[in-house]
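S.K.: Take a look and give me a structure for this.
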Amino acid sequence: MFKHVLTFSLFCAGLVLVASLARSSADARGTADAKAIERGKYLVTAMGCNDCHTPWQLGPNGPEPDMTRMLSGHPAALVMPPAPKLPEGPWAFTAAGTMTAWAGPWGTSFTANLTPDEETGLGRWTEKDFAETLRSGRHLGRGRELLPPMPWPNVASLSDADLGAVFAYLKSIPAVSNRVPEPLPPAAQR
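M.R.: Numbering: from 1, shown residues only. Here you go, the predicted structure:
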């Protein structure tokens with residue numbers, strides 16, 4: 001009888017130990033995730049991602065990012081007229097008042113939806129997709145080129161850990177359904 005009680009006690013102690021280790025591992029993972037998200041938020045803020053990927057609106061103090069659409073890219077409902085004739089000389093591009101549409105010698109570009117929306121944002125992307133895009137300057141690392149004003153060569157200089165933190169943060173923000181238009185080639189500006 002004592003042998004069975006001892007075996008049962010050891011078995012229960014083992015279960016408690018395994019559960020405790022699993023909880024500790026999950027707590028450590030949660031802490032690591034929270035630290036990565038916080039680091040990502042810091043980097044997104046410091047790099048000015050909201051300057052272009054969050055539509056601007058006219059507020060009481062002038063133009064300001066519309067944080068209800070944070071990082072959702074060019075508003076799908078805002079159909080842009082053809083870009084104005086590009087200026088001559090040192091003025092090389094034009095931008096929409098929303099800061100989400102830009103026209104220059106490359107054509108017209110629209111800032112991407114960086115929210116985790118499954119259909120229109122980064123929701124289906126993996127961290128690898130994100131890193132390959134920003135390292136290569138091509139959509140998903142193999143598609144069309146990322147166009148100005150996206151400073152992807154600067155972002156490409158981030159460490160793998162920092163790119164992972166930015167991705168973790170972007171996956172943590174509210175998803176906004178917003179299908180951004182495809183870029184227009186230079187000929188479409190005329």
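S.K.: so how many other residues sit close to Glu182?
M.R.: Neighbour count of Glu182, defined by other CB atoms under 10 Å: 10. Backbone N, C-alpha and C define where each C-beta goes, glycine included.
S.K.: ok, now which ones touch the nearest residue to it once chain neighbours are set aside?
M.R.: Distances taken as CB to CB, 6 or more residues apart in numbering place Phe110 nearest to Glu182, at 7.8 Å, with adjacent residues excluded. With contacts defined as CB atoms under 8 Å, 6 or more residues apart in numbering, the neighbours of Phe110 are Gly73, His74, Thr100, Ala101, Trp102, Val180, Pro181, Glu182, Pro183.
S.K.: Mind doing that once more with 7 Å?
M.R.: Gly73, His74, Thr100, Ala101, Val180, Pro181, Pro183 (CB atoms under 7 Å, 6 or more residues apart in numbering).
S.K.: Number of residues surrounding the fourth one?
M.R.: Counted by other CB under 10 Å, the residues lying close to Ala101 total 25.
S.K.: Is it correct that it is in contact with His74?
M.R.: Yes: in this structure, Ala101 is within contact of His74 by CB atoms under 7 Å, at 5.5 Å.
S.K.: For the residue minimising distance to the centre of the chain, which non-adjacent residue is spatially closest?
M.R.: The geometric centre of the chain, computed from its C-alpha atoms, lies nearest to Leu114 (CA atoms, centre = their mean), at 3.7 Å. Take Leu114 and drop its neighbours on the chain: the residue closest to it by CB to CB, 6+ apart is Leu71, 4.2 Å away.
S.K.: In this protein, where is pLDDT below threshold?
M.R.: Flagging of the chain using pLDDT under 70 yields the residue ranges 1-32, 87, 188-190.
S.K.: could you pull out the helices for it?
M.R.: Per DSSP state H, the chain carries helices over the ranges 2-46, 49-53, 127-136, 152-155, 160-172.
S.K.: next one: the fourth one to chain centre, how far?
M.R.: So the one you mean is helix 152-155. 14 Å (CA atoms, centre = their mean, to the nearest Å).
S.K.: who touches it?
M.R.: Applying CB under 7 Å, 6+ apart, the contact partners of helix 152-155 are Met47, Leu134, Gly137, Leu146.
S.K.: buried ones in it?
M.R.: Under the neighbour-count criterion of 16 or more other CB atoms under 10 Å, helix 152-155 has Trp152, Val155 buried.
S.K.: likewise the last one?
M.R.: Neighbour-count burial for helix 160-172, counted by 16+ other CB under 10 Å, picks out Asp162, Leu163, Gly164, Ala165, Val166, Phe167, Ala168, Tyr169, Leu170, Lys171.
S.K.: Check which helices and strands it sits against.
M.R.: With contacts taken as 3 or more CB pairs under 7 Å, 6 or more residues apart in numbering; DSSP states H and E, helix 160-172 sits against helix 2-46, helix 127-136.
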